[in-house]
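S.K.: I'd like to go over a predicted model; first the sequence, then the structure.
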There are 2 protein chains.
Amino acid sequence: MDPHLLRTFVAVLGHRSFSAAASALGYTQSAVSQHIAALEADLGTRLVERRPVAPTAAGARLMEHTPALLLRLDAARADIARLHRAPTDRLVLACSPAALSAPVARALAGLRTASRVEVEVRVLGREAVIEAVLTARADLGLVDGVAAPSDPLPLPDLGPTVTLAAAEEPLAVLFPDGHPLAGREAVRLTDLAQAHWIDAPDTAVPLERLRAVCGAVSGAGGFLPRIRHLGTDVHGLAALAAAGHGLAALPRTLAATLPGVTAVPVRAPRLVHRTELLHPADPTAPARHLAGLITGHDGDS
Amino acid sequence: MDPHLLRTFVAVLGHRSFSAAASALGYTQSAVSQHIAALEADLGTRLVERRPVAPTAAGARLMEHTPALLLRLDAARADIARLHRAPTDRLVLACSPAALSAPVARALAGLRTASRVEVEVRVLGREAVIEAVLTARADLGLVDGVAAPSDPLPLPDLGPTVTLAAAEEPLAVLFPDGHPLAGREAVRLTDLAQAHWIDAPDTAVPLERLRAVCGAVSGAGGFLPRIRHLGTDVHGLAALAAAGHGLAALPRTLAATLPGVTAVPVRAPRLVHRTELLHPADPTAPARHLAGLITGHDGDS
DNA sequence: TAGAATTACGGAGGACGTAAGAATA
DNA sequence: TATTCTTACGTCCTCCGTAATTCTA
């Protein structure tokens, strides 16, 4: 269970090929084959089915642990590296699309007028934001999601990362302009479970999450995807929604600014769209500053 | 960052000595020294201060990740090993002290009358219960704690372990018989923050947890320990409480059966004592059976 | 000065590449 | 039969133990 072997393992499954994984990792095919063989010998089971390459049951189990394991390994290394970095006047903010709201943008402006800080904003998917903060590729992160009011987002706990609430606001559903429900004051999310949805896991609220928060109320499933939208482009998502491909959930103030769609607030179940600020245990000075601006408090602790 | 090196690292810090760690791990001191040197070279920092042996700042950071990392590594191995184990008619239940309630005991009795299953109950601290389930040293776990009603316990998420609620019941504080507050109908936990408490992290509700759930209300700290009780012995804890060493929080029905103390329910903040059932992704047949008996449902999913 | 960690060094085993051999679509 | 994985084998490097050395309480 050497990390190198595990990295090879995920690469093999990711590429569905030994040789592709080998060239991606800078090994020969032979080495990759030996890595997998070593893992399988260690664990006493076949992990990968060959030709075509696919995980066995045991391999699937291992895959439930390995990415998190490797991420945490990187996080540990990053945490230590952070201790010795020079104080910087540069700030990298990783941000999921719906988390980059007008107030956040204003806070960033405030930071840049107050101090001469070079700012870089990276819009990423939710997991990628968390990963960026943990591995110190970003100084600060903003992730959005839905939860019951004043409940925290269910983020995977990956060590000593501090998160503090940044903002809660109403959740809305995007309807094409002129849609029968677009005139409503508010909608019940549970009523829409059987509608067609756009599966945009990185941009809108993931359907699986909608299922989870509604499933706590009614036991049902629903929220089936009709079309899949990858990437982090809110505008493109709105275009799909406007064209009637399906529904999507976004924070209301953001949704209200999108063309071709009408944002109808969600009335029940009682939910909010929540944005949380992630920062590592010892943020840089600019990161502390921005965190303070975003939360309205001092960024200490 | 080889797992072997990390294991040596935690052993060195745990024993506060290279040579002690060496003999514990079956290495020579030299090997341990080389392990630490390799880690330090890899991470580019000193991790351990020598004579006396203690973690540096970087070493402390690494220690925030390493135990969880090694546990997850073991959990992955255990998950895979579970796939190939023979079906068994043995059941090991790991259980935190306050989770072993009368209904649980009855459920166990039901299991033994229904099927010829050899049952073993292991009472452990909370972390040890989780660890036992994850590493397959137990088939099923029961952990207790406090939370807001119908909120889940804040368990560290260590991979694909399913948890389902088993029971919620009122939380109570143990007062010595005859204590001025022992006659009360109910108490506010926040009123007791400045009282003396028994620090019994494995048996009672950990003080840190009380601080956390009360801290969400008032920002204060409090709940300072006066005496420390280690181990998993409810009766001994009660004896300390009866002798006036300090207060402790336990589920009410359990607390009510203890001699020498009076259990006063907690009125505010609105909290419950909660017991959660932990089981691995693919429980054994007896484990499924017992889970069904405890929750009152079928143990499927 | 004694206890404890480091350094030097050598042998055994492991890791990776080259190249030849099996297996499958 | 071509592609892809496996196996064989040689080399280099790493790992760990023995033993001599340095450090520090």
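M.R.: Received it, and whenever you're ready, just let me know what you need.
S.K.: any weak-confidence spans in chain A?
M.R.: A:216-220, A:297-301 (pLDDT under 70).
S.K.: mind checking how far the residue nearest to the spatial centre of it is from DNA strand D?
M.R.: Using CA atoms, centre = their mean, the residue of chain A that lies closest to the mean C-alpha position is A:R126, 0.9 Å off. Distance check for A:R126 against DNA strand D: by CB to the nearest atom of the strand, to the nearest Å, it reads 32 Å. Yep, even glycine has a C-beta here, placed from its N, CA and C like the rest.
S.K.: helix, strand, or coil at A:L108?
M.R.: helix (DSSP: H, G, I helix; E, B strand; the rest coil).
S.K.: so A:V121 makes contact with A:L111?
M.R.: No. A:V121 lies out of contact with A:L111 (CB atoms under 8 Å); the separation is 11.4 Å.
S.K.: and the two? Which one has more around it.
M.R.: A:L111 (20 against 15; other CB atoms under 10 Å in any protein chain shown).
S.K.: hang on, A:D157 in a strand?
M.R.: No. Going by three-state DSSP, the assignment for A:D157 is coil, not a strand.
S.K.: just the buried positions in the longest helix seen in chain A, please.
M.R.: Longest helix of chain A, by residue count under DSSP state H: helix A:57-83. Neighbour counts over helix A:57-83 (16 or more other CB atoms under 10 Å in any protein chain shown) mark A:58-59, A:61-63, A:65-66, A:68-69, A:71-82 as buried.
S.K.: what does stretch A:251-260 give?
M.R.: A:P251, A:R252, A:T253, A:L254, A:A255, A:L258.
S.K.: give me every residue in chain A lying close to DNA strand C.
M.R.: A:2, A:4, A:26-31, A:34-35, A:38, A:51-52 (CB under 7 Å from any atom of the strand).
S.K.: let's see it at 10 Å
M.R.: By CB under 10 Å from any atom of the strand, the residues of chain A that approach DNA strand C are A:2, A:4-5, A:8, A:22, A:25-35, A:37-38, A:41-42, A:49-52.
S.K.: in strands only, show me these.
M.R.: Of the positions in these, A:E49 sit in strands, assigned by DSSP state E.
S.K.: quick one: buried ones out of the residues of chain A next to DNA strand C?
M.R.: Counted by 16+ other CB under 10 Å, the residues of chain A next to DNA strand C give A:L5, A:T8, A:A22, A:L25, A:Y27, A:V32, A:S33, A:H35 as buried.
S.K.: turn those residues into JSON lines, including distance to chain B.
M.R.: Below are these laid out as JSON lines (distance: CB to the nearest CB, whole Å):
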{"residue": "A:L5", "distance to chain B": "11"}
{"residue": "A:T8", "distance to chain B": "15"}
{"residue": "A:A22", "distance to chain B": "22"}
{"residue": "A:L25", "distance to chain B": "17"}
{"residue": "A:Y27", "distance to chain B": "18"}
{"residue": "A:V32", "distance to chain B": "19"}
{"residue": "A:S33", "distance to chain B": "20"}
{"residue": "A:H35", "distance to chain B": "15"}
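S.K.: farthest-apart pair in the residues you listed, please.
M.R.: A:L5 and A:A22 (13.4 Å; CB to CB).
S.K.: what residues does the stretch 51-200 of chain A have near chain B?
M.R.: A:57-58, A:61-62, A:64-66, A:68-69, A:72-73, A:75-77, A:79-81, A:83-84, A:156-157, A:159-160 (CB under 8 Å from any CB of the partner chain).
S.K.: for A:G292, give its distance to chain B.
M.R.: For A:G292, the distance to chain B equals 18 Å [CB to the nearest CB, to the nearest Å].
S.K.: where do the helices sit along chain A?
M.R.: Applying DSSP H to chain A gives helices spanning A:3-15, A:18-25, A:29-43, A:57-83, A:102-114, A:126-134, A:207-215, A:234-242, A:252-256, A:285-295.
S.K.: which helices and strands does the last one pack with?
M.R.: Okay, so that is helix A:285-295. Where contact means 3 or more CB pairs under 8 Å, 6 or more residues apart in numbering or on different chains; DSSP states H and E, helix A:285-295 is packed against strand A:90-95, helix A:102-114, strand A:140-147, strand A:162-169, strand A:272-279.
S.K.: in that helix, what's buried?
M.R.: By 16+ other CB under 10 Å, the buried positions in helix A:285-295 come out as A:P286, A:A287, A:R288, A:H289, A:L290, A:A291, A:G292, A:L293, A:I294.
S.K.: A:G14: which of these is nearest?
M.R.: Comparing the buried residues of helix A:285-295 against A:G14 with CB to CB picks out A:A287 as the nearest, at 31.6 Å.
S.K.: my guess is that closest one meets A:L278, correct?
M.R.: No. Using CB under 8 Å, A:A287 makes no contact with A:L278, being 10.4 Å away.
S.K.: run through the residues that contact A:L111.
M.R.: A:L91, A:V117, A:V119, A:P286, A:H289, A:L290, A:L293 (CB atoms under 8 Å, 6 or more residues apart in numbering or on different chains).
S.K.: try 10 Å
M.R.: Applying CB atoms under 10 Å, 6 or more residues apart in numbering or on different chains, we find A:L111 in contact with A:L91, A:L93, A:V117, A:V119, A:P286, A:A287, A:H289, A:L290, A:G292, A:L293, A:I294.
S.K.: out of these, who's nearest DNA strand D?
M.R.: Distances from DNA strand D to these, taken as CB to the nearest atom of the strand, are shortest for A:A287 (35.4 Å).
S.K.: that closest one is in contact with A:L91, isn't it?
M.R.: Yes. Using CB atoms under 10 Å, A:A287 makes contact with A:L91 at a distance of 6.1 Å.
S.K.: what sits in contact with each of the two?
M.R.: In contact with both A:A287 and A:L91: A:L111, A:V117, A:A138, A:D139, A:L140, using CB under 10 Å, 6+ apart.
S.K.: highest neighbour count among those residues?
M.R.: Each of the shared contacts of A:A287 and A:L91 was scored by neighbours using other CB under 10 Å; the highest score is A:A138's, at 27 neighbours.
S.K.: what count of nearby residues applies to A:P156?
M.R.: Going by other CB under 10 Å, the residues that sit close to A:P156 add up to 10.
S.K.: any idea how far it is from A:V173?
M.R.: Note on A:P156: its distance to A:V173, by CB to CB, to the nearest Å, is 27 Å.
S.K.: dig out what A:I198 forms beta bridges with.
M.R.: A:I227 (DSSP bridges).
S.K.: what about it, how many neighbours?
M.R.: Using other CB under 10 Å, A:I198 has 21 neighbouring residues.
S.K.: surely it is in contact with A:R226?
M.R.: Yes. Between A:I198 and A:R226 there is a contact at 7.0 Å, judged by CB under 10 Å.
S.K.: residues shared between the contacts of these two?
M.R.: A:L240, A:H245, A:G246, A:L247.
S.K.: between those residues, which has the most around it?
M.R.: That'd be A:L247 among those, by other CB under 10 Å, with 26 neighbours.
S.K.: pull the contacting residues for it.
M.R.: Listed by CB under 10 Å, 6+ apart, the contact partners of A:L247 are A:173-176, A:179, A:181, A:187, A:189, A:192, A:195-198, A:204, A:207, A:210, A:223, A:226, A:241, A:261, A:264.
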